[in-house]
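Chemist: Structure for this input, please:
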Amino acid sequence: MSKNTLGINVLNIIINHQLRNCLFCELLHKCSITKNLSRYLIFNDEHSVSYILKLLFRCSKVKNLELGNICNSLEDLEKLKIHFEVIKRGISKIIKINHNLYRNDYLKVLSKLLSITVPLSEFSVSELLRTRYTICRALIGLDKLSIILTFSSLKLLELALVLLDKDVEDVYITLNGLYVVRKGDLYRVVNVNHEELIKQLIKLANLSGYRLGPDNPSIKFSLNVGSLRTRVSIDRWPITDGYSVHIRKHKRIFTMTDLIGNGMLGLDQASLIIAQVLSRSNLIIIGQPGSGKTTLLNAIDLTIPYSWRRIYIDETDESVNIPKTLQVKIKSTDKLIEVLKTLHRGWGILIIGELREKNHFEAYNHSVLSGLQVLGTSHADSPENLIERFKLFNLNIHGLEKLVIVRTVRYGVMRKVIDIKYSQNVNDDLILKIKDVLKKLLKSTTHPLKFSEKFQKELIKIGVPI
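Modeler: Modelled structure (predicted):
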């Protein structure tokens with residue numbers, strides 16, 4: 001459905017619904033809102049949809065406007081820091097979602113319209129989500145509420161409400177129910193149909209091209225809407241009894257100076273890592289789940305020269321979109337085949353995501369032996385255990401002379417780099433220059449992309465070709 005068609009539907013449904021209420025209002029002859037609605041319905045100019053919605057919602061507390069069960073303005077909903085009630089009963093920790101906030105006639109209309117909206121050209125889950133979010137954001141101009149309505153159009157409202165809480169890190173859905181990890185504690189969500197959520201997520205997986213079955217019992221895909229970025233993993237029999245879903249919420253993109261500021265790594269560590277990558281070393285970040293491996297990898301990505309062609313290979317897109325760079329993003333579970341194809345795609349730095357299965361470790365070895373620079377992550381609690389993981393698949397790790405292994409750990413809610421192993425020494429002068437650049441940028445807090453641009457300019461000043 002095109003945006004224009006959607007706009008006409010919004011106008012017709014909302015205005016007809018509203019005018020029916022107004023006909024019975026004793027203030028009808030004095031109401032400027034009704035006059036404005038009629039005027040914009042007649043002229044139907046390009047700003048009418050947005051104007052009418054904002055007009056209605058901003059006046060939601062006026063008595064002669066019927067907005068459903070609860071009169072909350074859009075701005076009030078957008079500012080909500082929590083969409084549920086946290087209840088502690090002894091050792092039990094429970095979350096009760098406040099559905100009433102969204103039992104609102106106009107929000108229901110928007111959600112319904114979004115549910116029948118599909119992209120005009122390419123049809124994929126990412127494009128479907130992008131289209132619905134973009135249209136909703138254009139109509140109401142608010143990020144969080146547009147995310148909620150987009151999820152609601154997919155029958156995933158409750159999922160959006162827990163994921164948008166800043167303290168929620170992980171969501172688990174099993175046969176027993178829906179659980180969230182919030183500030184390091186596990187909570188059970190009580191008033192939600194968890195089986196319906198699983199069903200809808202499996203539908204989205206199918207639309208993403210993943211088929212979940214006994215021969216392929218484990219899948220992983222991205223679910224990104226607006227500012228909300230998540231990775232969804234679904235397992236089924238024979239790996240688990242029934243279905244098991246894990247949703248990891250990605251925090252905001254952190255820069256190297258952010259990570260220095262929050263204590264994840266020191267200034268010397270950050271300078272060494274950047275200098276090693278600029279010197280064409282390969283790098284694998286190891287650590288337990290949730291220890292900040294991908295966070296650190298993305299921060300490193302922001303410091304790579306813009307002239308370097310980046311090729312990403314992973315099941316899900318967890319990388320940063322950097323507009324001024326040449327990025328090729330390949331979603332695939334068979335990383336070995338994609339690496340072999342990459343050899344014909346031209347030169348570049350290969351960001352291979354997570355090394356987990358045999359073909360992932362084979363893909364790393366093929367890349368290194370072919371002369372590609374590789375960055376990636378893997379689950380291991382020491383460099384020795386990383387090497388053992390290669391040996392479990394009857395593989396030797398290649399390119400040790402140019403490999404940097406960065407180990408991260410998690411202490412409660414804190415992540416920290418505790419060790420950096422490397423064989424190739426880099427120019428001490430380069431490390432010192434990068435350290436001075438980071439010191440300079442530490443003084444100003446800025447958006448990740450702005451940081452990246454500033455870092456590129458500083459690289460030029462210290463003589464690093466970008």
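
Chemist: Going by C-alpha atoms from here, please, whenever you check contacts or count neighbours.
Modeler: Fine.

Chemist: Can you report phi and psi for Asp170?
Modeler: phi -130, psi 150 (degrees, to the nearest 10).

Chemist: Quick check: it touching Ile247?
Modeler: Yes: assessed by C-alpha atoms under 8 Å, Asp170 is found in contact with Ile247 at 5.7 Å.

Chemist: Pass me the low-pLDDT residue ranges in the stretch 101-250 of the chain, would you?
Modeler: Across the stretch 101-250 of the chain, the ranges flagged by pLDDT under 70 are 101-106, 120-122, 139.

Chemist: what are the ranges of the strands in it?
Modeler: Using DSSP state E, counting those that start in this stretch, the strands of the stretch 101-250 of the chain run over residues 168-174, 177-182, 185-189, 218-225, 228-236, 243-250.

Chemist: can I get these in a markdown table with mean neighbour count and distance to Lys440?
Modeler: Shown next, in a markdown table, are these (neighbours: other C-alpha atoms under 10 Å; distance: least, C-alpha to C-alpha, whole Å):
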| stretch | mean neighbour count | distance to Lys440 |
| --- | --- | --- |
| strand 168-174 | 21 | 32 |
| strand 177-182 | 20 | 35 |
| strand 185-189 | 18 | 38 |
| strand 218-225 | 21 | 33 |
| strand 228-236 | 19 | 30 |
| strand 243-250 | 20 | 28 |
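
Chemist: Any chance of TSV for those strands, columns distance to Ser367?
Modeler: Shown next, in TSV, are the strands of the stretch 101-250 of the chain (distance: least, C-alpha to C-alpha, whole Å):
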stretch	distance to Ser367
strand 168-174	33
strand 177-182	37
strand 185-189	40
strand 218-225	23
strand 228-236	25
strand 243-250	28
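
Chemist: Looking at those strands, spot the one closest to Lys155.
Modeler: Minimum separation from Lys155 across the strands of the stretch 101-250 of the chain (C-alpha to C-alpha) falls at strand 218-225, 14.0 Å.

Chemist: what residues go with each domain of the chain?
Modeler: For the chain, the structural domains run 3-65, 84-250, 256-461, going by automatic domain parsing.

Chemist: Gly292 and Thr408 touch, don't they?
Modeler: Yes: taking contacts as C-alpha under 8 Å, Gly292 lies within contact range of Thr408: 6.8 Å.

Chemist: Between the two, which has more neighbouring residues?
Modeler: Set Gly292 next to Thr408 and count neighbours by other C-alpha atoms under 10 Å: Thr408 wins out with 26 against 21.

Chemist: Could you tell me how far that one is located from Gly266?
Modeler: 13 Å (C-alpha to C-alpha, to the nearest Å).

Chemist: same thing with Ile253?
Modeler: Applying C-alpha to C-alpha to Ile253 and Gly266 gives a distance of 18 Å.

Chemist: Tell me where the stretch 251-400 of the chain has strands.
Modeler: Counting by DSSP E, counting those that start in this stretch, the strands of the stretch 251-400 of the chain are 282-287, 310-314, 327-331, 349-355, 373-378.

Chemist: Quick check: which helices or strands does the second one pack against?
Modeler: Counting contacts by 3 or more C-alpha pairs under 8 Å, 6 or more residues apart in numbering; DSSP states H and E, strand 310-314 packs against strand 327-331, helix 335-342, strand 349-355.

Chemist: which of these is buried the deepest?
Modeler: strand 349-355 (a mean of 23; mean count of other C-alpha atoms under 10 Å).

Chemist: if we look at that strand, which residues are touching it?
Modeler: For strand 349-355, contacts defined as C-alpha atoms under 8 Å, 6 or more residues apart in numbering pick out 308-314, 335, 360-361, 364, 372-379.

Chemist: What pairs with that strand, parallel or antiparallel?
Modeler: Partners of strand 349-355 in the sheet, by DSSP bridges, are strand 310-314 (parallel), strand 373-378 (parallel).

Chemist: Show me the one of the ones you listed that comes nearest Glu401.
Modeler: Nearest of the strands paired with strand 349-355 (C-alpha to C-alpha): strand 373-378, 12.8 Å.

Chemist: now that closest one: mean pLDDT?
Modeler: Strand 373-378 carries an average pLDDT of 94.

Chemist: from the chain's centre, how far out does that strand sit?
Modeler: 20 Å (C-alpha atoms, centre = their mean, to the nearest Å).

Chemist: what does stretch 373-389 give?
Modeler: Worked out by C-alpha atoms, centre = their mean, stretch 373-389 lies 24 Å from the chain centre.

Chemist: Give me the contact list for it.
Modeler: By C-alpha under 8 Å, 6+ apart, stretch 373-389 touches 280-289, 293-294, 297, 348-356, 364, 367-368, 396-397, 405, 407, 421.

Chemist: ok, now with 6 Å
Modeler: 282-288, 349-355 (C-alpha atoms under 6 Å, 6 or more residues apart in numbering).

Chemist: Give the buried residues for it.
Modeler: By neighbour count on 16 or more other C-alpha atoms under 10 Å, the buried set for stretch 373-389 is 373-380, 382-383, 386, 388-389.

Chemist: got CSV for these, with distance to His99 too?
Modeler: As requested, the buried residues of stretch 373-389 are exported to CSV (distance: C-alpha to C-alpha, whole Å):
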residue, distance to His99
Gln373, 50
Val374, 46
Leu375, 43
Gly376, 41
Thr377, 39
Ser378, 39
His379, 38
Ala380, 41
Ser382, 46
Pro383, 48
Leu386, 46
Glu388, 49
Arg389, 46
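
Chemist: circling back: now the two most distant members of the contacts of stretch 373-389.
Modeler: Pairwise over the contacts of stretch 373-389, using C-alpha to C-alpha, the maximum falls at Gln288 and Ile349, 25.1 Å.

Chemist: can you give me the helices in the stretch 301-450 of the chain?
Modeler: Residue ranges of the helices in the stretch 301-450 of the chain, as given by DSSP state H, counting those that start in this stretch, are 335-342, 358-369, 383-392, 428-442, 448-461.

Chemist: Help me confirm that Asn282 comes into contact with Leu400.
Modeler: No: assessed by C-alpha atoms under 6 Å, Asn282 is found out of contact with Leu400, at 8.8 Å.

Chemist: Looking at those two, which is more packed in?
Modeler: A count of neighbours by other C-alpha under 10 Å puts Asn282 above the other of Asn282 and Leu400, at 25 against 15.

Chemist: Who are the contact partners of the more buried one?
Modeler: Neighbouring residues of Asn282 by C-alpha under 6 Å, 6+ apart: 373-375, 402-403.

Chemist: what's the farthest-apart pair in those residues?
Modeler: Using C-alpha to C-alpha, the pair of those lying farthest apart is Leu375 and Lys402, separated by 11.7 Å.

Chemist: thinking again about what came up before, now tabulate the helices of the stretch 301-450 of the chain in a markdown table and tack on distance to Gly213 and mean pLDDT.
Modeler: Shown next, in a markdown table, are those (distance: least, C-alpha to C-alpha, whole Å; pLDDT from 0 to 100):
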| stretch | distance to Gly213 | mean pLDDT |
| --- | --- | --- |
| helix 335-342 | 21 | 70 |
| helix 358-369 | 20 | 88 |
| helix 383-392 | 26 | 92 |
| helix 428-442 | 49 | 93 |
| helix 448-461 | 40 | 92 |
